[in-house]
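**Student:** just to be clear, the model below is a prediction. Sequence and coordinates:
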Amino acid sequence: MEQYAIKGGNSLVGEVEIGGAKNAALGVLAAAIMTDDMTVIENIPDVRDINVLLQAMESIGVIVYRTDRHAVRINASMISGLVIEDDYIKKIRASYYLLGALLGKYKHAEVALPGGCNIGSRKIDLHIKGFKALGAQVKIEHGLIIVDAQQLKGAHIYLDTVSVGATINIMLAAVLAEGKTVIENAAKEPHVVDVANFLSSMGANIKGAGTDVVRITGVKKLHASEYSIIPDQIEAGTFMFAAAITKGDVTVKNVIPKHLESTTAKLMEMGCQIEESDDAVRVVASKRLESTHVKTLPYPGFPTDMQPQIAVALALSKGISIVTESIFDNRFKYVDELAKMGSNIKVEGGNTAIIEGVESFTSAKLTAPDLRAGAALVLACLAAEGFSTVEDIKYIERGYEDFEIKLQRLGAIIQKVESEKELTKFKLRGVS
Ligand code: UD1
């Protein structure tokens, strides 16, 4: 089984190019099937979740031409089925975007119930509430969500919880509905705006994306478009924390600094120096980090997808920090793994972690519990002297392209190994 072998202790130094945002690309690719014209989507990351979504699209007759590693041309004029239940799609959360996209275009869809990382109960009641408000009937049978409508009609929809997925999904279904839809208490994440921008470039009429009220006026048809996905704020933030955790000096390039403000603010509170330019952010950490408190919140708050990375940094900082997770209810599973390295973290009530910083971590054999926590554990290993391993890296590969290669370029000693023999070789090389 593939795992990362890591020899920690090096400070990461240099520049890293950030790829396209996985979560934006998932919404944009689903949106692309809503027109019969050709769409060209650039800057998509080559990660497992994206490839699974493309495969699911192909399974219903969408033609996907990969023009290069990061670009596709999509022709959805010959969709031959509206049932998506291939085994892979059950593993990704964003399969639900195909429901909104197909419902909008064909008024019917049947998609396997979504999977995704096990980071707490991940309901879809708000997606369903939105589809119903637009006039669809929704039922769950044989592990499929079935949505069906004679006609979709614009509606006023209030989201009880701020949900990225529900906001995007309702937007997808509403752009081809008759009349006006208003989504209140909408998510404001950059990927919501990116999907809205792409839909608008295809002729949709959407106002207010990026605020908490999104207004959509339905159009009859969407048309061809060429579009480039925004940079991935979570990949960027992960490398910014890699600099902080290893007392390094890393410039993340090809980013939108505005999307990184909450991450930047926390790193400054922790004593890092930050330099921003138009499309890059440099993080320099020259001394031991300071403690701070952080609460995850919807954008522009501190992202839940950065919670494990900041917790690892705080676990090495001076003093006591409190991390409050307010989005998901099971997002501290990595704490037991981190304890193997000598960290001192107590989780209280399921959503609060009290972290007493330690001077250093010891090396250990770890297992990635989910995507972002997996990446955070790799960062922890980079800070620990000696050899560590991280198993179950399939989670990390869902959302990070060439993670170990990008880290190697910054001076990390990390390698993907497949067998005990390769691991031993890695260790021998590392000692010499
Ligand atoms: C998306 C991201 C994920 C990120 C999360 C929060 C994708 C593919 N995934 O996930 O990486 O961690 O946003 O930024 O873009 N909720 C309900 N009912 C619903 C939907 C959500 O109660 O119908 C709740 C969830 O349980 C959670 C909160 O709303 O507590 C936010 O979830 P949501 O924003 O929907 O997350 P995802 O779209 O699944």
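**Tutor:** Ah, there it is.
**Student:** and the nearest residue to Ser291 once chain neighbours are set aside, how many neighbours does it have?
**Tutor:** Nearest-residue entry for Ser291: Gly319, 3.6 Å, with adjacent residues in sequence omitted and distances by CB to CB, 6 or more residues apart in numbering. (Glycine included, C-beta is placed from N, CA and C.) The burial count assigned to Gly319 is 12, neighbours taken as other CB atoms under 10 Å.
**Student:** same question for Asn185.
**Tutor:** Here the count is done by other CB under 10 Å, and Asn185 has 18 residues near it.
**Student:** how far away is it from Gly61?
**Tutor:** Computed with CB to CB, to the nearest Å, the distance linking Asn185 and Gly61 is 36 Å.
**Student:** give me the contact list for stretch 136-144.
**Tutor:** Stretch 136-144 is contacted from outside by 83, 85, 90, 103, 107, 110-113, 128, 131-132, 145-149, 152, 173, using CB atoms under 8 Å, 6 or more residues apart in numbering.
**Student:** which of those residues fall in helices?
**Tutor:** Using DSSP state H, the members of the contacts of stretch 136-144 that fall within helices are Leu103, Ile128, Phe131, Lys132, Ala173.
**Student:** so among those residues, where is pLDDT lowest?
**Tutor:** For the ones in helices among the contacts of stretch 136-144, the least confidently modelled position is Ile128, at 94, judged by pLDDT.
**Student:** whichever residue of the chain sits closest to the ligand: how many residues sit nearby?
**Tutor:** For the chain and the ligand, the shortest gap (CB to the nearest ligand atom) falls at Gly165, measuring 2.7 Å. For Gly165, the neighbour count with other CB under 10 Å is 24.
**Student:** and the one 4 residues further on, by the same measure?
**Tutor:** Residue neighbour count, defined by other CB under 10 Å, stands at 29 for Asn169.
**Student:** now it: closest residue in space that isn't a chain neighbour?
**Tutor:** Taking CB to CB, 6+ apart, and ignoring the residues beside it in sequence, Asn169 has Gly100 as its nearest neighbour in space, at 3.8 Å.
**Student:** just say helix, strand or coil for that neighbour.
**Tutor:** helix (DSSP: H, G, I helix; E, B strand; the rest coil).
**Student:** surely it is in contact with Ala173?
**Tutor:** Yes: proximity of Gly100 to Ala173 meets the contact threshold set by CB atoms under 8 Å, at 4.5 Å.
**Student:** overlap in contacts, these two.
**Tutor:** Between them, Gly100 and Ala173 have Phe131 as joint contacts when contacts are counted by CB under 8 Å, 6+ apart.
**Student:** contact residues of the stretch 1-150 of the chain facing the ligand?
**Tutor:** Asn23, Leu26, Arg93, Ala94, Ser121, Arg122, Lys123, Ile124, Asp125, Leu126, His127 (CB under 6 Å from any ligand atom).
**Student:** verify the stated contact: the residue of the chain closest to the ligand with Gly130.
**Tutor:** No: with contact defined as CB under 8 Å, Gly165 does not count as touching Gly130 (10.3 Å).
**Student:** circling back: restricted to buried residues, select the ones in helices among the contacts of stretch 136-144 in ChimeraX.
**Tutor:** This is how ChimeraX selects the buried members of the ones in helices among the contacts of stretch 136-144, with burial counted by 16 or more other CB atoms under 10 Å:
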select :103,128,131,173
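**Student:** and Val390, what helix or strand is that in?
**Tutor:** Per DSSP states H and E: Val390 is located in strand 386-391.
**Student:** what's the answer for Val182, then?
**Tutor:** Secondary structure from DSSP H and E places Val182 in strand 180-184.
**Student:** and that strand, C-alpha only, in CSV?
**Tutor:** In CSV, the C-alpha atoms belonging to strand 180-184 read as follows (Å, rounded to 0.1, in the frame of the first residue of the first chain):
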residue,chain,number,x,y,z
LYS,A,180,-36.6,34.7,-10.2
THR,A,181,-34.9,32.8,-7.5
VAL,A,182,-33.5,34.4,-4.3
ILE,A,183,-31.1,32.4,-2.1
GLU,A,184,-30.9,34.0,1.4
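**Student:** show me what it is packed up against.
**Tutor:** The helices and strands touching strand 180-184, judged by 3 or more CB pairs under 8 Å, 6 or more residues apart in numbering; DSSP states H and E, are strand 156-158, helix 164-174, strand 213-217.
**Student:** just put these in CSV and tack on distance to His223.
**Tutor:** Putting the helices and strands packed on strand 180-184 into CSV (distance: least, CB to CB, whole Å) gives the following:
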stretch, distance to His223
strand 156-158, 26
helix 164-174, 16
strand 213-217, 16
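**Student:** out of these, flag the one nearest Glu290.
**Tutor:** Distance to Glu290, taken as CB to CB, is lowest for helix 164-174 among the helices and strands packed on strand 180-184, at 30.9 Å.
**Student:** what angle do that closest one and strand 213-217 make?
**Tutor:** 20 degrees (axes from the mean of the first three to the mean of the last three CA atoms, to 10 degrees).
**Student:** buried set for the helix or strand following the strand holding Val390?
**Tutor:** Towards the C-terminus, the helix or strand next in line after strand 386-391, according to DSSP H and E, is helix 394-397. In terms of neighbour count (16+ other CB under 10 Å), helix 394-397 has its buried residues at Tyr395, Ile396, Glu397.
**Student:** same check on stretch 37-48?
**Tutor:** Judged by neighbour count (16+ other CB under 10 Å), stretch 37-48 contains these buried residues: Asp37, Met38, Thr39, Val40, Ile41, Asn43, Ile44, Pro45, Val47, Arg48.
**Student:** closest to Ala376 out of those residues?
**Tutor:** Of all the buried residues of stretch 37-48, the one sitting nearest Ala376 is Val47; the distance, using CB to CB, is 17.0 Å.
**Student:** list the contacts of stretch 260-270.
**Tutor:** Residues external to stretch 260-270 that are found in contact with it (CB under 8 Å, 6+ apart): 233, 236-237, 240-241, 244, 257, 274, 276, 281, 283, 289-292, 294, 300-303, 306, 310, 313-314, 317.
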